[in-house]
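Participant: model this:
(chains A and B)
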Amino acid sequence: MLEVAARQTQLEQAFSKLTGLVLTVLIFALLVMLAFWLAERASEKIQRYVKYLLFLTPALVFLFIGLIGPALRTLYLSFRDARGDNFVGLENYHWAFTQPEILEVLKNTGIWMVVAPLASTGFGLTIAVLTDRMRRPGLVKSLIFMPMAISFVGAGIIWKFVYQFQPNDRVAEIGLLSQIAEWLGFVPTNWILTSPLNTFLLIIVFVWIQTGFAMVVLSAAIKAIPDEILEASMLDGASGWKRFSKVTVPMIRGTIIVVLSTITIGALKVFDIIRTMTGGNFKTSVIANEMYNQSFRALNYGTGSALAIILFIGVLPLVAYNVVHLRRERAER
Amino acid sequence: MTNILKRKKVRDIESVKTHLSSPWASFAAILLATIWTIPTFGLFVTSFRPSTGINTSGWWTVLTKPEFTLENYSRVLFEGRGATPPLSQYFLNTFAIVVPSTIIPITIAIFAAYAIAWFDFKGRNFIFFSIFALQVIPLQMSLIPLLQLFSGGLHIGSVTVIPSFGITGTFIPIWLAHTMFGLPLAIFLLHNFIAQLPRELIEAARVDGADYFKLFRQIVLPLSIPAIASFAIFQFLWVWNDLLVALTFGGGKREIAPLMVRLAEMTGTRGGDWELLTAGAFVSILVPVAVFFALQRYFVRGLLAGSVKG
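Facilitator: Take a look at the predicted model:
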């Protein structure tokens, strides 16, 4: 009886959520249409101003309230205490660079920044070159690319299952990694608890996702190499490896660097994988996760903001490089 | 004559390609693709096994002892536990978050992109470059102030600039946050597309007496559909798969928490319930992967145009 009642309210809840959703979308659409209807009927003189109001202002207001303002405030908060009440100078930054736990976090972030982009780009380039020599690369590419559609949380669960360890000797292993280790004659351990191995196991999850991105972008770059150059190198008798290292790689050097820096940015900001797989325990925490912990668990806005600023400073040169590169590429086109 | 030449050229290139294609490369590529797929496949198989089987033998043993059930799905989707609603409720929440969080930023972004590309005004380039540069701000830098803004409004001294509206605990902060974080990339991508529309077309319409609103409605918007589709897929996948924004702006309320928040919670507290975890994870993966395969072409196009969230 109780269960029926519970199900009833669940259905009611679902219904009210759906109506809310439909109403929101409808209201939004009606507002936009009304604005257009009114604007199109206004005199030309009014239109001159209204067009900025309708087309440009919403975006600028959102960007200011959502990004510019908050970013400045985070900078301000990073020089203040836990509740933002008093000025503390550089204390939060001093804390970040002296506290052993945070140093561990920064070290892990460093490992992520180096290993994850190199591995993803390496795999991506390998697969791009291999599939370039296939007659029908479609399926292979789709399979490698598919993890990009899977969330970090979903990927975390998939791989946590791969890393699953059976502490009870009499029960068979159910994690693939443990089983493979056993088949190869090793004794499986509780992988996810073993530092520093666990950081690399988490990086594998990230690489598994990002390789697809690297492959697609590099594959397009390889396709864009003029056939004449490949033909010429073949007539010169260059072997497969020589063609790869002396022709392909130099020709797509710019793209490789953009892919590397893009993945480095992603690695710097990684959060979900850590949260899902270890929660930042067992010495696997990284800066984005610690920032969340400080801000919303410890409720220390000062240290949380300082970590966000450190993250920003880490990301800044990479994004700046990408932006400049993209601009230059566009100008050349 | 030219036709024959062209055909000969095509044949030459084909011969280069055939020469380059090698069975070893194909073999290695297929091997890697298989390795890449095995973890997902393992999850898929496990989600259909009875729980006793999952915990006592590896999923690869189903080849010799096949035994499948749909019970995991019905349990995780429709049976709650105490105060915790079943996953179908979270699925609905994800849906309620994704739709507005995709529609709103695209609408606002295409407006702005059009204005920056086709209105003549001072500071146009400055605005475009500033929006472009905003991609350097990581989400983490906005979280605390935005959360404070949503819960308490904005006050300077005793003057209330923005009231709090009492929206905490509803979907609205999550929609707004996704809109704000999605805008720089959306404007950038759509601008690149809209700015490349032929000038003659725009000018001809202007001469015919179309004002900037009609011009947008009748010419710019219909022509921009491919670019909109590209970005829509990105934003959809991004919002569907997001954990951080929902975790921060959802305030831990179960009534509005999406799938990802629930799954992350389940992994933490009930790491051992693999029958529920695998089924739940598969439910969460299904929609984005389906969208991805259906619209892969647009996705790749967007990716190559530089749509990587900074």
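Participant: give me the residue at the spatial middle of the chain.
Facilitator: You didn't say which chain, so I picked chain A. In chain A, the centroid-proximal residue (Cα atoms, centre = their mean) is A:Gly266; its distance is 4.1 Å.
Participant: let me rephrase: I mean chain B.
Facilitator: B:Leu237 (2.0 Å).
Participant: residues contacting the nearest residue to A:Phe271 once chain neighbours are set aside?
Facilitator: Nearest residue to A:Phe271 in three dimensions, chain neighbours excluded: A:Ala288, at 4.2 Å (Cβ to Cβ, 6 or more residues apart in numbering or on different chains). Just so you know, the C-beta spots here come from the backbone N, C-alpha and C atoms, and that holds for glycine as well. Counting by Cβ atoms under 8 Å, 6 or more residues apart in numbering or on different chains, A:Ala288 touches A:268-271, A:274, A:311, B:140, B:244.
Participant: report the secondary structure element holding A:Ala288.
Facilitator: Assessed by DSSP states H and E, A:Ala288 sits inside helix A:287-292.
Participant: show me the shaky parts of the stretch 151-300 of chain B.
Facilitator: The stretch 151-300 of chain B contains residues with pLDDT under 70 at B:269-271.
Participant: just the pLDDT at A:Gln13, thanks.
Facilitator: For A:Gln13, the pLDDT comes out at 83.
Participant: ditto for B:Leu5
Facilitator: The confidence metric pLDDT takes the value 49 at B:Leu5.
Participant: neighbours around the closest residue to A:Met148 other than its chain neighbours, how many?
Facilitator: Once flanking residues are discounted, A:Met148 sits nearest to A:Gly212: 4.5 Å by Cβ to Cβ, 6+ apart. Counted with other Cβ atoms under 10 Å in any protein chain shown, the neighbours of A:Gly212 add up to 25.
Participant: then A:Asp236?
Facilitator: Neighbour count for A:Asp236, taken as other Cβ under 10 Å: 11.
Participant: and it, how far from A:Pro250?
Facilitator: 15 Å (Cβ to Cβ, to the nearest Å).
Participant: again, but for A:Asn322
Facilitator: On the measure of Cβ to Cβ, A:Asn322 and A:Pro250 end up 20 Å apart.
Participant: neighbour-wise, which of those two wins?
Facilitator: The neighbour comparison of A:Asn322 against A:Pro250 (other Cβ under 10 Å) goes to A:Asn322, with 22 against 9.
Participant: stretch B:132-146 - what's its average pLDDT?
Facilitator: The model assigns stretch B:132-146 a mean pLDDT of 87.
Participant: let's see it as PDB, backbone CA atoms only.
Facilitator: Only the C-alpha atoms of stretch B:132-146 are listed here, as PDB (Å, rounded to 0.1, in the frame of the first residue of the first chain):
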ATOM      1  CA  PHE B 132      37.400  34.800 -27.400                       C
ATOM      2  CA  ALA B 133      39.800  35.400 -24.600                       C
ATOM      3  CA  LEU B 134      37.200  34.400 -22.000                       C
ATOM      4  CA  GLN B 135      37.900  30.800 -22.900                       C
ATOM      5  CA  VAL B 136      41.000  31.000 -20.700                       C
ATOM      6  CA  ILE B 137      38.800  31.300 -17.600                       C
ATOM      7  CA  PRO B 138      38.400  27.800 -16.100                       C
ATOM      8  CA  LEU B 139      35.000  27.000 -14.700                       C
ATOM      9  CA  GLN B 140      36.500  26.600 -11.300                       C
ATOM     10  CA  MET B 141      37.200  30.300 -11.100                       C
ATOM     11  CA  SER B 142      33.500  31.100 -11.300                       C
ATOM     12  CA  LEU B 143      32.100  28.500  -8.900                       C
ATOM     13  CA  ILE B 144      32.200  30.200  -5.500                       C
ATOM     14  CA  PRO B 145      31.100  33.700  -6.500                       C
ATOM     15  CA  LEU B 146      28.400  32.400  -8.800                       C
END
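Participant: got a list of contacts for it?
Facilitator: Contacts for stretch B:132-146 (Cβ under 8 Å, 6+ apart): A:63, A:66-71, A:73-74, A:77, A:269, A:288, A:291-292, A:295, A:301, A:304-305, A:307-309, A:311-312, A:315-316, A:319-320, A:323, B:177, B:180-181, B:184-185, B:188, B:244-245, B:248-249, B:310.
Participant: cool, and stretch A:101-117?
Facilitator: A:95-97, A:196, A:199-200, A:203, A:206-207, A:210, A:260-261, A:263-264, A:266-268, A:270, A:283-287, A:289-290, A:307, A:310, A:314.
Participant: tell me the buried residues in it?
Facilitator: Within stretch A:101-117, the residues that count as buried by 16 or more other Cβ atoms under 10 Å in any protein chain shown are A:102, A:104-106, A:108-109, A:111-113, A:115-117.
Participant: next, format these as TSV and append pLDDT and secondary structure.
Facilitator: Output for those, formatted as TSV (pLDDT from 0 to 100; DSSP: H, G, I helix; E, B strand; the rest coil):
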residue	pLDDT	secondary structure
A:Ile102	95	helix
A:Glu104	96	helix
A:Val105	96	helix
A:Leu106	96	helix
A:Asn108	97	helix
A:Thr109	96	helix
A:Ile111	97	helix
A:Trp112	97	helix
A:Met113	95	helix
A:Val115	97	helix
A:Ala116	97	helix
A:Pro117	97	helix
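Participant: if we can go back for a sec, quick one: the residue nearest to the centre of chain A from chain B, how far?
Facilitator: In this view, A:Gly266 and chain B are 8 Å apart by Cβ to the nearest Cβ, to the nearest Å.
Participant: tell me who's in contact with the closest residue to that residue other than its chain neighbours.
Facilitator: Nearest residue to A:Gly266, sequence neighbours excluded (Cβ to Cβ, 6+ apart): A:Gln210, at 6.5 Å. Counting by Cβ under 8 Å, 6+ apart, A:Gln210 touches A:116, A:120, A:124, A:148, A:263, A:266.
Participant: hey, which helix is longest across chain B?
Facilitator: helix B:87-118 (DSSP state H).
Participant: circling back: now the residue nearest to A:Gly266, what's its secondary structure?
Facilitator: Assigned with DSSP: H, G, I helix; E, B strand; the rest coil, A:Gln210 falls in the helix class.
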